[in-house]
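>>> take this sequence and fold it.
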Amino acid sequence: MTKDLSLYNPANIEEAMKFAKAMSQSGLVPEHFKGKPANILVAVQWGYEIGLKPMQSLQNIAVISGKAALWGDSLLALVKQQENFNGIKETTEGKLQDKSMVATCEIARLLPSGKEDITICQFSMQDAEQARLLNKPGPWQQYTKRMLQLRARGFAIRDAFPDALKGLVTAEELQDYPEEAKKEPTQPVVTPDEVKKALDYTPPHGSNSLFPEQDEEEKILESEAKNGT
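Numbers count the residues shown, from 1 in each chain. Below you'll find the model as predicted:
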């Protein structure tokens with residue numbers, strides 16, 4: 001019988017924050033987590049929801065512009081743990097010199113019926129050029145073939161196993177987003193006050209709307225239609 005030696009087993013949020021604070025002061029956590037216990041807590045929770053242990057979460061989850069993402073290799077490791085994962089095939093064709101290289105990722109997933117569902121995604125040099133990635137300093141210039149492979153893999157895994165990823169994308173992809181695309185909306189689509197108001201509101205008899213303002217607008221429109229305005 002294997003003994004669980006994990007130090008992370010909080011009984012409440014206070015214990016979880018105490019753990020996160022201790023980790024944030026360590027020199028062994030990634031730079032973007034140092035001095036940020038709240039980010040550590042969120043990363044560990046994200047990891048828990050997708051099946052990663054706390055230290056795996058800190059090493060494999062990146063926080064980029066306030067968003068959590070998984071590094072490409074950990075993304076593959078995650079889906080390989082799924083019971084319905086049935087194999088992956090990654091290939092590259094063409095040459096870098098003439099920008100004809102295309103990376104292809106093929107993932108097989110077993111459906112409840114027993115049939116195999118194949119997802120195939122590609123990412124080419126032309127795709128990278130269109131996204132203005134080839135002139136970026138760093139990995140896209142140093143390891144172009146590898147970056148093409150990771151991008152094709154990320155797309156294929158997201159399409160084949162969205163339920164396993166819980167909405168996470170690859171860190172490599174998120175890093176390449178334009179700065180304006182990384183920013184969160186300045187205003188939520190629905191504010192907390194609007195949600196509370198909707199929950200507390202009891203629709204009048206014969207109304208299907210949860211929002212009284214919507215009922216009033218409909219009454220006005222009906223009145224204007226009757227009066228021919």
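
>>> contacts, neighbours, all on C-alpha from now
Will do.

>>> beyond the host helix or strand of Ala43, next helix or strand please.
Assigned by DSSP states H and E, Ala43 belongs to helix 37-50. Note on helix 37-50: by DSSP H and E, the next helix or strand toward the C-terminus is helix 54-60.

>>> on that earlier part again, what about the helix holding Ala43, distance to the chain center?
For helix 37-50, the separation from the chain centroid amounts to 13 Å (computed by CA atoms, centre = their mean, to the nearest Å).

>>> any chance you could list what contacts it?
By CA atoms under 8 Å, 6 or more residues apart in numbering, the residues outside helix 37-50 that reach it are 16-17, 20-24, 33, 53-58, 61, 63, 68, 78, 164-166.

>>> identify the residues contacting Gln149.
Gln149 neighbours (CA under 8 Å, 6+ apart): 90-92, 103-105, 123.

>>> that one in helix, strand or coil?
helix (DSSP: H, G, I helix; E, B strand; the rest coil).

>>> coming back round to it: mind saving the C-alpha coords of the helix holding Ala43 as PDB?
These are the backbone C-alpha positions of helix 37-50, laid out as PDB (Å, rounded to 0.1, in the frame of the first residue of the first chain):
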ATOM      1  CA  PRO A  37       0.000  33.200  -2.900                       C
ATOM      2  CA  ALA A  38      -3.400  34.000  -4.500                       C
ATOM      3  CA  ASN A  39      -2.100  32.900  -7.900                       C
ATOM      4  CA  ILE A  40      -0.700  29.800  -6.400                       C
ATOM      5  CA  LEU A  41      -4.100  29.000  -4.800                       C
ATOM      6  CA  VAL A  42      -5.900  29.400  -8.100                       C
ATOM      7  CA  ALA A  43      -3.300  27.400 -10.000                       C
ATOM      8  CA  VAL A  44      -3.500  24.500  -7.500                       C
ATOM      9  CA  GLN A  45      -7.300  24.600  -7.700                       C
ATOM     10  CA  TRP A  46      -7.200  24.500 -11.500                       C
ATOM     11  CA  GLY A  47      -4.800  21.600 -11.300                       C
ATOM     12  CA  TYR A  48      -7.100  19.800  -8.900                       C
ATOM     13  CA  GLU A  49     -10.000  20.100 -11.400                       C
ATOM     14  CA  ILE A  50      -8.000  18.600 -14.300                       C
END
